[in-house]
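[1] have a look at this prediction, sequence included:
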Amino acid sequence: MPNVVLNGYMDLFNQTGAWLPNGANAIKLRGLDSPTSGHLAYSVIGANWSIDGGATRVAFNNLPAGLTPIAATDVSTNLFLSGATIPSAYNWAGTFQTLTFNQFTAGGTTPGILTLAQLNTFLQIDVNITFAGAILGQVDVNYTNGQTEIQTLCSYVAYSVTSITPSPLNTNTSPVTINLNGTNMDQFPTSGVSMHFTNAAGAQVVALPNAVLVSTVLATVTLGSTALTALRNFTGTITLFSGAVSLGTLTVYYATGSGIYKFVANQRHDILYDRSTGSTVSVAIPNPYGETGFIGG
Amino acid sequence: MALRDHQPQVIDTFNGLWSRGDYENTPLDHFIDCNNLKFQGTSGITTRDGIGVSQTVAAPLENIRRIYNYPTTTGNTLIILITDNAGNGSIYHLVSASSLFGPLLTIAGMTDFAFLPYAGRGYISPFTTYSVGGLNVEKGLQSEFLYVYAGDGTAARKAAGVGMAGSVTIANGAAGHTDAGFHLFGFVSETSSGYLCPPSAIGSFTTGANLSVSFSSIPTSGDANVTKRYLVATKVITGYNGNTEGYTFYFVPNGTINNNTATTLSNISFYDQDLLDDASHLFDNYTEIPAGAVLTLYRDRLCLLATYTDISLGLVSQIGEPEAINQISGLIVMPPDGNPITNAQNLRDVLYVTKRSRTGSFTDNGDDPSSWPYIVVDNALGTCVHGIATVIDSGSASVDYLIVCTYAGIAMFNGRYIIPELSWKIEQFWRDLTRADFRYIQIINGPVQKELYIVLPDGTMLIGNYSNGMDPKKMRWMPISCSPGFNTVAIWQVDEVVIGSNITAFI
């Protein structure tokens, strides 16, 4: 069974919730070749972050002298949504199991406590989000990692983006947390989102209109033998690709809506069967419009 | 130039979709794109009427594949095909919004069906789409048959039937009369739908001139649908050659048993000259009629076309006997070309038969169907399985023309395809449809609304309004859509447009 091809824009913005691949109220994608299964798959393999709203990205490879970065291993998961149903529009949420930022250890010739200023300048987690498969269009993606929730409006095309490769750091299995005065930060409000990534054409930047709400729990940064307890606000800037492809309108059908209907004179909305409740549901008549030809021609 | 010097362009007429040539050539009173509008009066538009639920029962049908009108003796109803995720097709009879019979028939692999109402009964032929050499071919479901439904909620059964098994004991009866001599006797069973099975339980007896004939141990039919049995007999045979089917059998007057239980029939008298009603043709009838993709009625004959094994073959019944199809003389053949027969319709007493890009005709010459001449009507245009518009609940053509969905467009047909097509304004829109998906198209004509309703392969519907005239330049076209999508359409109760949707798997 081929992947379902979603041609066009699908607004899947969600504030809460989780993936509902087999939910009772899930909707199904409809295609001419009767796809009853398929998948949306994407993986998070890196992200760009800046700290405290700073415009300058920090990178692991910009560590102050004396600090040896650990190879950053961003654990990403392939969020694989399979099955015959796609969660209903307006109830999407993505869950990434982990976004793990590895510790970095101090080393080199100048060990010591990493100051906030130094942390402000060197910590960077790069995340590239790749949408694999045949998904085309714009998607609102919510992904959570426990206390991490990122909302962004992403534009994407059907190709993979090469990941940004920071200077490698030594891996560390302990998760990274950052807390402020003993309190783990769980919200990082920002405004304005942009994505920076590098592909075969070079460095790319995509500015996205939506605010990115980021919360992350990072492990205590340990420099040498001293734990750094200073907490930073992390602002994540997430961008997928540059540009967007507008492919028309995707029609999403309600899974519970099949049945026998009739046209009702002078009724200005549609009433559909709602088999989940045994009742009916009123929906708007989809986008009535007329576009004239060239006026003045 | 000041704004006040600009000449206003008034648009006060809206005549629907225009899809023909360059966008810049679209007339100002047409749309280059539109959706979900309804025509008001001669020139206005408004949002289309909303759709509402048709069934008011606790568990309404879902996964609708096909709907047909089914006029019964007591009212106008609907016959419906639904499918489940296992690929089984089930047929239901929707009597009213709150009354449903079924499933009447469940067949694995039945993704569509042909239907013909006749005398209150419904004839059902399951078919599906097969891929043959890369071509999608709609033909009768393999190893399946024509079914008959009585319209009363009982399960549909296979049409036609076999004769009775067994033998009969024949002896002289009381005083009476026959033409003395060697006769062959047999019995013909009749089903509840009026089908006469081939003569069976044939035996021989030499009658006496002044004696009647009595029968005992008359077999009963194993078919519970048999309601009557008839005595048949030959005239006196001299020089019998042992071939029980080589002689002409006749229905014997007064030789009727009005049940399927009695085993005796006594004291039957007749002369050979009383034997007028020939029963021999029953020997050559199909005892089970293979399923086909097309059913239609022509001169009170049931026509079934595009069987699984013969996609260019049509089976034509006897007049007034829809299940009596002679295996030899009841056949018509459209020249084989690798394409299946897709549709057939009676127009002005001519049976027009189509393939996807060909149209021909057969005309009843008063003789057996196998002798009807085939005439080529059009070697370029044809249609798909549901591509001829039916009118209201008749299942048949409009008064003096057909409206046909061809590859070139939606055309009027009055014996030839009329050019330009009715879809002249939306020529590009129609030609952009994928030909391989034409099997999904269904068209009906609503004369009360003065609209054509065409279900398109992508689950939307195209409405053709002809209230300004059924003329290519006066037609107004409007695509419409809804969340569940359109799979099939029918008109019920004269002017109620009924649609079926199925979003688990588009037909």
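    On my side now, so go ahead. This one's a predicted model, so the numbers in the text were calculated from it and none came from an experiment.
[2] quick one: low-confidence parts of the chain?
    If you meant another chain, say so; for now it's chain A. Filtered on pLDDT under 70, chain A yields the residue ranges A:1-256, A:296-297.
[3] sorry, I should have been clearer: chain B.
    In the predicted model, chain B carries pLDDT under 70 at residues B:1, B:390-399, B:503-507.
[4] residue in it with the shortest distance to chain A?
    Residue of chain B nearest chain A, by Cβ to the nearest Cβ: B:Thr26 (2.9 Å). From N, CA and C alone the C-beta is placed, and that goes for glycine too.
[5] now do the contacts for that residue.
    If a contact means Cβ atoms under 8 Å, 6 or more residues apart in numbering or on different chains, then B:Thr26 has A:Thr292, A:Gly293, A:Phe294, B:Trp18, B:Ile32 as its contacts.
[6] change it to 10 Å
    A:Glu291, A:Thr292, A:Gly293, A:Phe294, A:Gly297, B:Leu17, B:Trp18, B:Ser19, B:Arg20, B:Ile32, B:Asp33, B:Lys425 (Cβ atoms under 10 Å, 6 or more residues apart in numbering or on different chains).
[7] the closest residue to the last one other than its chain neighbours: neighbour count?
    Excluding its sequence neighbours, the residue lying closest to B:Lys425 (Cβ to Cβ, 6 or more residues apart in numbering or on different chains) is B:Trp18, at 5.5 Å. Residue crowding around B:Trp18 was assessed by other Cβ atoms under 10 Å in any protein chain shown; the count is 25.
[8] hang on, B:Trp18 packs against B:Trp477?
    Yes. If you go by Cβ atoms under 10 Å, B:Trp18 and B:Trp477 touch, sitting 8.2 Å apart.
[9] list residues touching both of these two?
    B:His30, B:Phe31, B:Cys34, B:Lys425, B:Ile426, B:Phe429.
[10] need the distance between the two termini of stretch B:86-104.
    18 Å (Cα to Cα, to the nearest Å).
[11] thinking again about what came up before, where neighbours are concerned, which of the contacts of B:Thr26 has the most?
    Going by other Cβ under 10 Å, B:Lys425 tops the contacts of B:Thr26 with 27 neighbours.
[12] checking that one next. Helix, strand or coil?
    What DSSP: H, G, I helix; E, B strand; the rest coil gives for B:Lys425 is helix.
[13] and it, how close does it get to B:Pro472?
    Distance, B:Lys425 to B:Pro472, by Cβ to Cβ, to the nearest Å: 7 Å.
[14] overlap in contacts, these two.
    B:Gly409.
[15] tell me how far B:Gln442 lies from B:Cys405.
    Relative to B:Cys405, and taking Cβ to Cβ, B:Gln442 is found at 9 Å.
[16] what of B:Leu276?
    48 Å.
[17] same question, B:Glu421
    10 Å.
[18] so which of these two has more stuff around it?
    B:Cys405 (27 against 23).
[19] show me the contacts for the more buried one.
    Counting by Cβ under 10 Å, 6+ apart, B:Cys405 has contacts B:343, B:382-384, B:386-389, B:411, B:421, B:423, B:430, B:433, B:438, B:441-443, B:452, B:454, B:462.
[20] angles on the backbone of the nearest residue to it once chain neighbours are set aside, please.
    Among residues not flanking B:Cys405 along the chain, B:Gly387 sits closest, at 3.8 Å (Cβ to Cβ, 6+ apart). B:Gly387 adopts backbone torsions of phi -90, psi 10, taken as degrees, to the nearest 10.
[21] close enough to count as contact, B:Gly387 and B:Val404?
    Yes. Using Cβ under 10 Å, B:Gly387 is in contact with B:Val404, at 6.1 Å.
[22] who has more neighbours out of these two?
    Each of B:Gly387 and B:Val404 has its neighbours counted (other Cβ under 10 Å); B:Val404 has more, 29 against 24.
[23] helix or strand for that one, which one?
    Using DSSP states H and E, B:Val404 falls within strand B:402-405.
[24] next: B:Gly485.
    Per DSSP H and E, there is no helix or strand for B:Gly485.
[25] go on, B:Met164?
    Going by DSSP H and E, B:Met164 is not in any helix or strand.
[26] which residues does it contact?
    Counting by Cβ under 10 Å, 6+ apart, B:Met164 makes contact with B:186-189, B:197-201, B:218-223, B:226, B:229, B:260.
[27] try it again with 8 Å
    B:Phe187, B:Ser189, B:Cys197, B:Ser200, B:Ala201, B:Pro219, B:Thr220, B:Ser221, B:Gly222, B:Arg229.
[28] likewise B:Glu144?
    With Cβ under 8 Å, 6+ apart, B:Glu144 has these contacts: B:Ile107, B:Met110, B:Pro126, B:Pro290, B:Ala291, B:Tyr308.
[29] with distance to B:Gly151 as added columns, please give those residues in a markdown table.
    Below are the contacts of B:Glu144 laid out as a markdown table (distance: Cβ to Cβ, whole Å):
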| residue | distance to B:Gly151 |
| --- | --- |
| B:Ile107 | 19 |
| B:Met110 | 20 |
| B:Pro126 | 18 |
| B:Pro290 | 23 |
| B:Ala291 | 20 |
| B:Tyr308 | 27 |
